[in-house]
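1. here is my input; please provide its structure:
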Amino acid sequence: MLRSGDSGDWIGTFEGHNGAVWGADLNSPALLAVTGSADFSAKIWDACSGDLMHSFEHKHIVRSVSFARESHSRFATGCQDKTIRIFDVNAPDVDPMEIPGLPASVRCLRWIQEDNLLLATCVDKNGIVGFDTRTGQAAVHYQTSDPCTSIDVAGDGSLVVAEASQVVVLDASRMHELKKFEPTDYKVESASISVEKGLIAMGGSDMWVHVVDMTTREEVDVCKGHHGPVHAVRFRPGGESFASGSEDGTIRLWSV
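-> All right, here's what the predicted structure looks like:
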């Protein structure tokens, strides 16, 4: 399903999958959408019309999808078979680069460092692994104290990592820790950063979205309205608003 990020107005439903949709992403110009499904496929859609452009078949459930940040046509998929695959929309008949051997099915994928590094996290496994997208080899490891459930990439390239007991801001060029936030009364499942506004939004088990000042680490707002755990939080470019998705079956748009 696609809605306008400005108003929340309904745009349409992209119909074509025959199984649960586990992941979705837009490319940087927001002209293409990619979805990953339990039907063993990743599909590319025209994000303006909803037309199906191509279906990329897989060997197992596609758990995660992510468009490259700089290249508008490359995207990665993470599968239940513990393998990452990198495709090019402009070359649908070319075999993808495969990165096998992950310790579990893939949970999150995010591109950084001018698309030369692809970060991956796994279900029920601690840590983040960064793969060189030119060679497919593991190039970076960042250890977490809990399984990482969310990675957000800010406009300046910095990272925000959610891992249940804490939220960590990293320098993406060195995977070096810059700041750490440790909520005491709820577990965080997703977090997002707005460098322009100097804010981090965190959502998790307590059904609220907490907005924290990056500099002072003080909580500046609590957004109440969901009736289930918050599984996803993302700022819009510029930071004027953010979206949150919950187990209660709703997506809510919040003004900063």
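2. may I see the buried residues of the strand ranked longest in the chain?
-> Counting by DSSP state E, the longest strand found in the chain is strand 138-147. Under the neighbour-count criterion of 16 or more other CB atoms under 10 Å, strand 138-147 has 139-140, 142, 144, 147 buried. Bear in mind the C-beta positions are built from the backbone N, C-alpha and C, glycine included.
3. quick one, what contacts residue 224?
-> Residue 224 makes contacts with 207-208, as judged by CB atoms under 8 Å, 6 or more residues apart in numbering.
4. typo on my end, it should be residue 8
-> For residue 8, counting by CB under 8 Å, 6+ apart, the contacting residues are 251, 253.
5. per-residue pLDDT, it?
-> On pLDDT, residue 8 comes in at 77.
6. dihedrals phi and psi, it?
-> With angles defined as degrees, to the nearest 10, residue 8 sits at phi 80, psi 0.
7. how close does it sit to residue 189?
-> Using CB to CB, to the nearest Å, one gets 22 Å for the distance from residue 8 to residue 189.
8. likewise for residue 130?
-> In this view, residue 130 and residue 189 are 22 Å apart by CB to CB.
9. report all helices and strands that the longest strand of the chain contacts.
-> Contacts defined by 3 or more CB pairs under 8 Å, 6 or more residues apart in numbering; DSSP states H and E place strand 138-147 against strand 117-122, strand 126-132.
10. which outside residues touch the shortest one?
-> Where contact means CB under 8 Å, 6+ apart, the residues beyond strand 117-122 that reach it are 66, 76, 78, 82, 84, 86, 99, 102-112, 127-133, 139-140, 147-149, 151, 159.
11. what do you get for stretch 104-112?
-> So stretch 104-112 is in contact with 61, 63-70, 76-82, 84, 117-125, 130, 133, 147-153, 157, 159, 172, going by CB under 8 Å, 6+ apart.
12. apply 6 Å and report the result again.
-> Contact partners of stretch 104-112, identified using CB atoms under 6 Å, 6 or more residues apart in numbering, comprise 63-64, 66, 68-69, 76, 78, 80, 118-123, 125, 151, 153, 172.
13. what does stretch 232-251 contact?
-> Contacts of stretch 232-251 (CB under 6 Å, 6+ apart): 5, 190, 192, 194, 196-197, 201, 203, 209, 226-231, 252-256.
14. let me see the domain layout of the chain.
-> The record assigns the chain these domain ranges, following automatic domain parsing: 1-146, 149-256.
15. identify the bridge partners of residue 42.
-> Counting by DSSP bridges, residue 42 is bridged to residue 36, residue 56.
16. straight-line length of stretch 219-227, end to end?
-> 21 Å (CA to CA, to the nearest Å).
17. quick one: contacts for residue 19?
-> Residues in contact with residue 19 (CB under 6 Å, 6+ apart) are 37-39.
18. ugh, wrong one, I meant residue 90
-> residue 73.
19. which SS class is it?
-> When classified by DSSP: H, G, I helix; E, B strand; the rest coil, residue 90 comes out as coil.
20. check the one 5 residues further on too.
-> Counting by three-state DSSP, the backbone at residue 95 sits in coil.
21. and it, how many neighbours?
-> Neighbourhood size, residue 95 [other CB atoms under 10 Å]: 8.
22. where's it relative to residue 85, distance?
-> 9 Å.
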